[in-house]
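In: With the sequence up front, the predicted model follows.
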Amino acid sequence: MSRARYGDSAQIVCDNLVRIFKVADLEVVALQGLDLLVDAGEMMAIVGASGSGKSTLLNILGGLDAPSAGRARVAGHDLTAMGRRERTAYRRSVVGVIWQQAARNLLPYLTAAENVELPLILDRRAARRGRALELLDRVGLADRATHRPDRLSGGEQQRVAIAVALANGPAVVLADEPTGELDSATSAEIFELMRTINAESGTTIVIVTHDALVSEHVARTVRIRDGRTSTETRRRTEQGDDGSAVVAEEFALLDRVGRLQLPRAHIEALELSERVRLRLEDDHVGVWPDRPTDDEAER
């Protein structure tokens, strides 16, 4: 019997993913052995500050970049073994991408319907107009099909962008700061729309953002720090005597080689640096700053 590989049942698999960029004579390591699994049909968020590696990860998953080492697989497609032609086909039919800037999502001289039709044309799909109108209706813009982007509000433009991303029926939709240029009320509407699409179609949705508040809209949030996944927050609804309440629980992530990133607040509170002391107990591991013990201080 063959041994199961890491993440065999997952829709998205990142296994010890490394990405190194060369800048002049320097090498910049954007991803440092990142591990990540996303299940089919899941809607989750990847959160990280500028320079954390989240944009590099998005570009790799979107087929716009290739990893330097490690393994990346999306919907059964091995991103580390793709040639240029395969990568183009992958971007057209396997993944849909929603960018923060409307200019990257929509062509200004095309109507909303024509923008949605464009990916269908590039992929040589039939019944393009009907499919475009169906998707615009699905995102609540059936009456705006003939309007160009400059006649649409920011929220309406992002709704059209969602329809464009869904045009070819992708297995995975990647959303890069999809509400970064919207007010809070419109952002909530966009997230509600994405949740509805996720629930109705089972499309896997990954939201990449620097905004930690996005975690309120998804059940799982993974934080990236220094090119590796560091923490994961899971949200669940619990029933109590006085009604239901949403409970959020944060976990530190232990990667496949045993590395663990402690939250910065914990590091600062205990003044941890360079070396720490570990002690294995029956049901937990203790972590202490590297300070002299009482016996060592007496000596």
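Out: Received the coordinates, thanks.

In: Show me the helices in this protein, by range?
Out: Defined through DSSP state H, the helices belonging to the chain, from first to last, are 54-61, 84-93, 102-105, 112-122, 128-138, 154-166, 184-201, 264-270, 294-298.

In: Next, format those as CSV and append mean neighbour count and distance to Glu27.
Out: Every residue, glycine included, has its C-beta placed from N, CA and C. Formatted as CSV, the entries for those read as follows, by neighbours: other Cβ atoms under 10 Å; distance: least, Cβ to Cβ, whole Å:
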stretch, mean neighbour count, distance to Glu27
helix 54-61, 23, 14
helix 84-93, 15, 24
helix 102-105, 15, 28
helix 112-122, 21, 36
helix 128-138, 18, 43
helix 154-166, 24, 34
helix 184-201, 16, 37
helix 264-270, 11, 26
helix 294-298, 7, 40
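
In: so which of the ones you listed comes closest to Gly41?
Out: Closest approach to Gly41 among the helices of the chain is made by helix 184-201 (7.3 Å; Cβ to Cβ).

In: CA atoms only for the closest one - export them in PDB, please.
Out: Presented in PDB, the C-alpha positions along helix 184-201 are these (Å, rounded to 0.1, in the frame of the first residue of the first chain):
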ATOM      1  CA  SER A 184     -17.000  49.200   5.800                       C
ATOM      2  CA  ALA A 185     -20.700  48.900   4.800                       C
ATOM      3  CA  THR A 186     -19.800  48.000   1.200                       C
ATOM      4  CA  SER A 187     -17.000  45.700   2.400                       C
ATOM      5  CA  ALA A 188     -19.500  43.800   4.500                       C
ATOM      6  CA  GLU A 189     -21.800  43.400   1.500                       C
ATOM      7  CA  ILE A 190     -18.900  42.000  -0.700                       C
ATOM      8  CA  PHE A 191     -18.000  39.500   2.000                       C
ATOM      9  CA  GLU A 192     -21.600  38.400   2.300                       C
ATOM     10  CA  LEU A 193     -21.800  37.900  -1.400                       C
ATOM     11  CA  MET A 194     -18.600  35.800  -1.400                       C
ATOM     12  CA  ARG A 195     -19.900  33.700   1.500                       C
ATOM     13  CA  THR A 196     -23.100  33.100  -0.500                       C
ATOM     14  CA  ILE A 197     -21.100  32.100  -3.600                       C
ATOM     15  CA  ASN A 198     -18.900  29.800  -1.500                       C
ATOM     16  CA  ALA A 199     -21.900  28.100   0.200                       C
ATOM     17  CA  GLU A 200     -24.000  27.700  -3.000                       C
ATOM     18  CA  SER A 201     -21.300  26.700  -5.500                       C
END
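
In: can you tell me the average pLDDT over that helix?
Out: This predicted structure assigns helix 184-201 an average pLDDT of 92.
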